[in-house]
Each structure stands twice: as structure tokens, then as C-alpha cells.
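Colleague: Sequence plus the predicted model coming up.
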Amino acid sequence: MDSGCTHTGIDEQLVKDKKIPTKPIDFSFKVFNADSTKNGEMTKVVPLEIEIDGHTEQICFWAMTG
């Protein structure tokens, strides 16, 4: 699926609920919807190892507050 996003995001509440470790970033940036309304803000990263059909990759998700 190509959503047109330039970053891979993950909901911060899910990260908190599942106690997934995060890494702080030196900056944050706002996230907007296609209609220009504010969706949230990226404040930290969540490095996760993802495996699909035997292929494993490290992906850095951006945790979004909203």
C-alpha cells in the first residue's frame, strides 16, 4: 500500500500501552491531513524489527501525538 506518506508513523498511545521503547529526537514536526487540518506531531522515533514472509527489516517509526 502506498499512502503517499513520507514517513512511517505509529500512534503514541499504542507505544505507551504496549510499553514499546522509544528514542528521543532533537526536533519535532507537525503532521497535516490532505485537507490541511493538523493531525498531530512527531516527537520521537520507535525502531522496530519487522518480518514479512521470512524477510526481516529494521524500520524506524515516528511516534505521533495527537
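Modeller: Arrived safely. Numbering: from 1, shown residues only.

Colleague: pLDDT value on M1, please?
Modeller: At M1, the predicted lDDT confidence score is 45.

Colleague: give me the beta-bridge partners of K30?
Modeller: The partner list for K30 in beta bridges (DSSP bridges) reads E41.

Colleague: check contacts around the closest residue to H7 other than its chain neighbours.
Modeller: Leaving aside its sequence neighbours, H7 sits nearest to W62 (C-beta to C-beta, 6 or more residues apart in numbering; 5.0 Å). For the C-beta atoms, the positions are set from N, CA and C on the backbone; glycine is no exception. Counting by C-beta atoms under 8 Å, 6 or more residues apart in numbering, W62 touches H7, T8, G9, I10, M42, K44, V45, V46.

Colleague: so W62 is in which element?
Modeller: Take DSSP states H and E as the rule and W62 turns out to sit in strand 55-65.

Colleague: Kindly confirm my reading that K16 is in a strand.
Modeller: No - counting by DSSP: H, G, I helix; E, B strand; the rest coil, K16 is not found in a strand; it is helix.

Colleague: Are we agreed that D35 is in a strand?
Modeller: No - D35 sits outside any strand when classified using three-state DSSP, being coil.

Colleague: Neighbours of the closest residue to M64 other than its chain neighbours, how many?
Modeller: Using C-beta to C-beta, 6+ apart and skipping the chain neighbours, the partner closest in space to M64 is G40 (4.2 Å). Applying other C-beta atoms under 10 Å, we find 17 residues neighbouring G40.

Colleague: residues touching G40, list them.
Modeller: G40 sits in contact with K30, V31, M64, T65, G66, where contact means C-beta under 8 Å, 6+ apart.

Colleague: Just list whatever residues bridge to V45.
Modeller: K23, W62.

Colleague: Now do the buried residues in the strand holding W62.
Modeller: F61, W62, A63, M64 (16 or more other C-beta atoms under 10 Å).

Colleague: what about N39, which SS state?
Modeller: strand.

Colleague: Please, which helix or strand holds the nearest residue to I59 once chain neighbours are set aside?
Modeller: Counting by C-beta to C-beta, 6+ apart, the nearest residue to I59 once its immediate chain neighbours are dropped is I50, at 5.3 Å. Assignment of secondary structure by DSSP H and E places I50 within strand 38-52.

Colleague: Thank you, goodbye.
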